[in-house]
Every structure is written in structure tokens, then in C-alpha cells.
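Participant: Here is my input; please provide its structure:
(one chain, ligands or ions: 1)
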Amino acid sequence: MASTVAKTFVFQRDDPPIPLSTTADRLSFAFPTARTRWPKILNQMIEEISSTLSAKKSFSAKEIQAGKEIQAQIISLRDQMAGNAPLTPLQYDGGMDIENYNLEIGTFLPKPTWLHVPWLFAECYLYRRVRTYFAFSSPIYWTTFDPFLTEKRKALVGSKKGTIELVKHLLQVLDTNLISFEGEKQEALFVEMIQISLWGNATDLSLLAGGGVEELDSRQGKAAREKSRKNVLCDDTAAVYQMLKDLQHGDITLSSREIHIVLDNAGFELLADLALAAYLLKADIVHKIVLHGKRIPWFVSDVNHHDYTELVDGLAKGSIYPPNDISREDQQQLARFGKHIQDLESRKMLEFRAEMFWTAQHPFGRLPIADPSLYASLASAELVIFKGDLNYRKLTYDGQWRNTVSFGEAIGPLGKRPEDNDGMRILALRTSKADVAVGLPEGVAETLPRDWTRSGEYAMISFCDTKSK
Ligand SMILES: O=P(O)(O)OC[C@H]1O[C@](O)(CO)[C@@H](O)[C@@H]1O
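Facilitator: Numbering: from 1, shown residues only. Predicted coordinates:
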């Protein structure tokens, strides 16, 4: 049962005419998500507030009261969801994005309810709505509270084996003279770093909703990556490598080649992305990497500025794993990597930004009209790497595309060369955890297991270049 969108909202002007994945569609992953996964995530938040209230003895009566009020709002939201209530306008909490969320709600036909609404919109709305509850609270403690922080920290601690393995390997890479590393070896290393960043996305806390972090180790590390390599269903790595090589050997006067990475999850995935960034800089493929994170707690495990600094500083200071839990040598290696990242930051070769657009409801094809200055900065980079499932869904509108449609077509306006500017080079690194999947060769989807788009076991490396040559 596809929901339609009446194209009355200026941002929808260039959206492709593709039916969207909705929470009413029994065959879609949106169906169990709205009925089971979201309520579990809301329950986790309610529990997190309870344990915070009981752990923090120094809370004032006002802070306790405020915490309970937020909890009551989340409980009410969970009940509205279960009762298929309409999506109501968000309360204005000072965010410039609220108005667009509310305008877009009015464009869905029929009137959207929790169990009959386009999935992508509703999921962004859900996290943005929860944020308003915290933002409205007067005690400062709650306005900056991240209900997912404990989970994110636990997952990082649970990723110890993968973290140590990855850092040790990366330090060896950084100790190699990469510039003289010519030909096939150089390309093999590039492929490996892309694979590390890609499969770093296989660990996702919103998918593990309610489950433990025990299975993290089995999804991380070299062995897991090698096993999964055959599951990359479309792989444009060679084209990206060639493009970057041409740039490197081309215009030597170009003194500031940049790559932007639109991040996904904190913890191990962020570490894998930092590894990719450090490698690209060391190999002189680019001169600067800009990392884009989220401004607010988002989709459980997405990285925000606090998560970023906690990881980098924690590695550098040796505070992520308790001293009796890790050997002295391993601790020193982690610290060396953390300090290397801090050094890149202080030399302005690495920068973390958190623009509001990334937590707007917009599919990314709307970027040129929704945030022209962000678009201009991404378009001026040599490459923009989008990590993870949600970014892929936003690139492809979470549309019900045929699997064989090209990635360039599914990303709408971003896949077409604009008349008035150079366009963008987009690389999506995605392990598949939803329904949308494009760019597959004819006949491949038919050979895969029933739940292949949802399991996180299959992946896409998709590249689209609309930049002038
Ligand atoms: O962290 P990622 O890779 O963006 O995955 C986000 C997850 O959340 C969802 O977007 C929401 O249910 C799934 O598609 C996916 O499992």
C-alpha cells in the first residue's frame, strides 16, 4: 500500500516520481520497524532515563521532575505509535528545521499516521520529535542529554578486539612509505581501506535493538571482512581509485584536494572511517578530510561531536579500556593512533562539522535547494563519501526502485550534471539494512536469500560522478 505525496512543498519539486517505502506495507521492513523496533528503541530511552535518575544522587527536585516529564512524553509517544495516531506538528524548539518537518507532514495523502506513513520521513520525525522533549526541558542537564550515549559507549567497549586489530594494522600502513607504494600494491591497499570503512558499518545499534553487543566481534576484523567481500553486490571501487589517481597525478597546482565523509555510526564504524581518512591523507591522495556528523542524538548510534571527541581523546589518553583490561602495548598503540588524529586536526587536515541538514527529513536530492551553501562546499570537494544505510536511503529517496535501476538514476537530481555548476562525485559505502537497493546487475537479486536487503550481510559500493572533467 503505497502512500502518495501531493507535490505541494517546494522542496519536493525535483523528487523523482517513485513510490516510497511505507509503514503500511506488510512486505516492507518498515512494517516490523514501526510495530516492533521503534517501540523497543523508545523503551530503551525510557529505561535510560530511569537508570540516570536513580544513579545520580545529586539531582535537584527540579531535575528529577524534568526527567520524569520527558519520560512521560516518550511513553505517550510510544502509545500513540501503537494506537496508529496521526503524526502531529513538531513543537518549535528553536530549530530552523522544525517548520519544514511540519510543512511536509501536510503533503502526505492520506493524512499520515504512525502505521501508514512514508518510512524515511517518519523515522527522521521520530528522532527529531524526541529531541524536542529534551530541548524544552529547563534544567540544562536534560537539554544536552543523549539517551543513546550509554549504549554507544558499551558498543565501543564490546568492540575491543576489532578496535585493537584495526589500529595495529593501520599504524603499520601509516609507517609504510605510501607515496612510493606504486601500482597494484597501492590499489590493493586502497581497496582494503574502503572495505574496512564499508564493513565498519555492519555493526549498528538500531538493528541490534534490544539485543546485546556480544555479536559485535564476529562482525568486525579482517576475517569477517574477507568472508563478506563476495557479498558486495555492486562495486565501483576501481572507478573511484582511477579518478583519485588521475587527480593526484593531474593538476599539481591544485593545493587543496578535499574529501568529505558523511559519517554514520559512532564507535567502531567511526574508528574505521578515521582509519580511511588517515590513510587517504598519508598517501597524499587528498590534503584535507572533512567529517560530517549529527547535531543531535540520531538513529541510536549516529555520531555527534561528543562521540567524536570522546573516541579520539579517549584513544589518545588511554581511557577507553580500563588498564587491567588491555595490555600496555595495545594501550600504547591506541594512544599513538589517537594522537595522530589529534595532530591531523591541529594541522587543519581533518575537521569535524555537524550541519543541521543531516538531521532534516530531506532526501539528499533536495540538498541544492534545501542548503545551497552546504551543497556548494560538498560540490567543491573532489569526492563525497556517504556512509551507511540511512545515508543510502536518503540518497535514493527510500524509493521502491527496481534493483537493476542505476545508482545515478535513483539519486535524482544529484545524479544529473547540473547546468549551472560542476556537480558532485558521490560514493556510497553501504551495508544493506533496509529495503531499497539499486545498481545490481540483471538476475543477481533473484539468487539471494529472502531477507538479503535487511540482514546487513550484503553491501553496495556505488559511485556517481557528475563533476566536470
Ligand atoms: O546506521 P545505519 O547503517 O544508517 O543503519 C540505520 C538503521 O536504521 C534504519 O535506517 C532504520 O530502521 C535501518 O534502515 C537501518 O537498519
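Participant: For residue 222, report the pLDDT, please.
Facilitator: Looking at residue 222, its pLDDT stands at 70.
Participant: Tell me who's in contact with it.
Facilitator: Neighbouring residues of residue 222 by CB atoms under 8 Å, 6 or more residues apart in numbering: 165, 169. C-beta here means a position set from N, CA and C on the backbone, and glycine is covered the same way.
Participant: can you do 6 Å?
Facilitator: Counting by CB atoms under 6 Å, 6 or more residues apart in numbering, residue 222 makes contact with nothing.
Participant: quick check, distance from the helix or strand that it is a member of to the centre of its chain.
Facilitator: Using DSSP states H and E, the element containing residue 222 is helix 221-228. What separates the centre of helix 221-228 from the centre of its chain is 21 Å, taken as CA atoms, centre = their mean, to the nearest Å.
Participant: where's the helix or strand following it relative to the chain centroid, distance-wise?
Facilitator: Next helix or strand after helix 221-228 toward the C-terminus (DSSP H and E): strand 232-235. Centroid displacement of strand 232-235 relative to its chain, using CA atoms, centre = their mean, is 19 Å.
Participant: what helices or strands is the following helix or strand past strand 232-235 leaning on?
Facilitator: Downstream of strand 232-235, the next assigned helix or strand under DSSP H and E is helix 237-249. Secondary-structure packing of helix 237-249 (3 or more CB pairs under 6 Å, 6 or more residues apart in numbering; DSSP states H and E): helix 183-199, strand 459-465.
Participant: Give me the three-state assignment for the residue lying closest to residue 445 once chain neighbours are set aside.
Facilitator: Nearest non-adjacent residue to residue 445, counting by CB to CB, 6 or more residues apart in numbering: residue 403, 4.3 Å away. The three-state assignment at residue 403 reads coil, by DSSP: H, G, I helix; E, B strand; the rest coil.
Participant: I figured residue 439 was touching residue 408, is that so?
Facilitator: No - under the criterion of CB atoms under 6 Å, residue 439 is not in contact with residue 408, lying 8.6 Å apart.
Participant: which one of the two has more residues nearby?
Facilitator: residue 439 (24 against 18; other CB atoms under 10 Å).
Participant: separation between the more buried one and residue 433?
Facilitator: Noted for residue 439: a distance of 17 Å to residue 433, by CB to CB, to the nearest Å.
Participant: starting at the chain centroid, how far to the helix or strand hosting residue 73?
Facilitator: Here residue 73 sits within helix 61-82, counting by DSSP H and E. Chain-centre distance of helix 61-82: 27 Å, with CA atoms, centre = their mean.
Participant: Packing partners of that helix?
Facilitator: Contacts defined by 3+ CB pairs under 6 Å, 6+ apart place helix 61-82 against helix 38-55.
Participant: Mind listing what's buried along the helix it packs on?
Facilitator: Within helix 38-55, the residues scored as buried using 16 or more other CB atoms under 10 Å are 38-39, 41-42, 44-45, 48-49, 52.
Participant: related to what we said a few turns ago, could you check how many residues crowd around the residue nearest to residue 445?
Facilitator: So residue 403, with other CB under 10 Å, has 19 neighbours.
Participant: same deal with residue 335?
Facilitator: Using other CB under 10 Å, residue 335 has 18 other residues around it.
Participant: Against residue 289, how distant is it?
Facilitator: Residue 335 sits 21 Å away from residue 289, going by CB to CB.
Participant: The residue nearest to residue 344 when sequence neighbours are not counted - how many residues pack around it?
Facilitator: Closest residue to residue 344 apart from its sequence neighbours, by CB to CB, 6+ apart: residue 350 at 4.0 Å. For residue 350, the neighbour count with other CB under 10 Å is 21.
Participant: Please apply the same query to residue 303.
Facilitator: Neighbours of residue 303 under the rule other CB under 10 Å: 26.
Participant: and it, what are its phi and psi?
Facilitator: Main-chain dihedrals, residue 303, degrees, to the nearest 10: phi -90, psi 130.
Participant: Check whether it really touches residue 266, as I assumed.
Facilitator: Yes - at 4.0 Å, residue 303 counts as touching residue 266 under the criterion of CB under 6 Å.
Participant: picking that back up, can you tell me which of the helices and strands packed on helix 237-249 has the worst average pLDDT?
Facilitator: helix 183-199 (a mean of 91).
Participant: Using neighbour counts, pick out the buried residues of that helix.
Facilitator: Using 16+ other CB under 10 Å as the test for burial, helix 183-199 gives 186-187, 189-191, 193-199.
Participant: Those: which two are farthest apart?
Facilitator: Spatial extent of those (CB to CB) is set by the pair 186 and 199 at 20.9 Å.
Participant: you'd agree the residue nearest to residue 344 is up against residue 342?
Facilitator: No - using CB under 6 Å as the test, residue 350 is too far from residue 342 to be in contact (9.2 Å).
Participant: pLDDT-wise, which helix or strand of the chain ranks last?
Facilitator: Sorting the helices and strands of the chain by mean pLDDT, DSSP states H and E puts helix 216-219 at the bottom, at a mean of 54.
Participant: about what we covered before: and the ligand, is the helix holding residue 73 touching that?
Facilitator: No - Helix 61-82 lies out of reach of the ligand by CB under 6 Å from any ligand atom, never closer than 13.6 Å.
Participant: going on from that helix, what's the next piece of helix or strand?
Facilitator: Next element after helix 61-82 (DSSP H and E): helix 98-105.
Participant: tell me the mean pLDDT over the helix or strand following that next one?
Facilitator: Once the chain leaves helix 98-105, the next helix or strand it forms, by DSSP H and E, is strand 108-109. Per-residue pLDDT values across strand 108-109 average out to 91.
Participant: now the angle from the helix or strand that strand 108-109 is followed by to helix 98-105?
Facilitator: Next helix or strand after strand 108-109 toward the C-terminus (DSSP H and E): helix 119-136. When axes from the mean of the first three to the mean of the last three CA atoms, to 10 degrees is applied, the directions of helix 119-136 and helix 98-105 differ by 140 degrees.
Participant: Which neighbouring elements make contact with whichever helix or strand comes after helix 119-136?
Facilitator: The helix or strand immediately downstream of helix 119-136 is helix 140-143, counting by DSSP H and E. When contacts are defined as 3+ CB pairs under 6 Å, 6+ apart, helix 140-143 packs onto helix 119-136.
Participant: switch to 8 Å and redo it
Facilitator: helix 61-82, helix 119-136 (3 or more CB pairs under 8 Å, 6 or more residues apart in numbering; DSSP states H and E).
Participant: Figure out which of those is closest to residue 19.
Facilitator: Of the helices and strands packed on helix 140-143, nearest to residue 19 by CB to CB is helix 119-136, at 11.7 Å.
Participant: so how far is the ligand from residue 435?
Facilitator: Plainly put, residue 435 is 8 Å away from the ligand if you go by CB to the nearest ligand atom, to the nearest Å.
Participant: same thing with residue 333?
Facilitator: To the ligand, residue 333 is 27 Å away according to CB to the nearest ligand atom.
Participant: Could you point out the helix or strand that follows the host helix or strand of that residue?
Facilitator: Under the criterion of DSSP H and E, residue 333 resides in helix 328-346. The first helix or strand that comes after helix 328-346 along the chain, using DSSP H and E, is strand 350-353.
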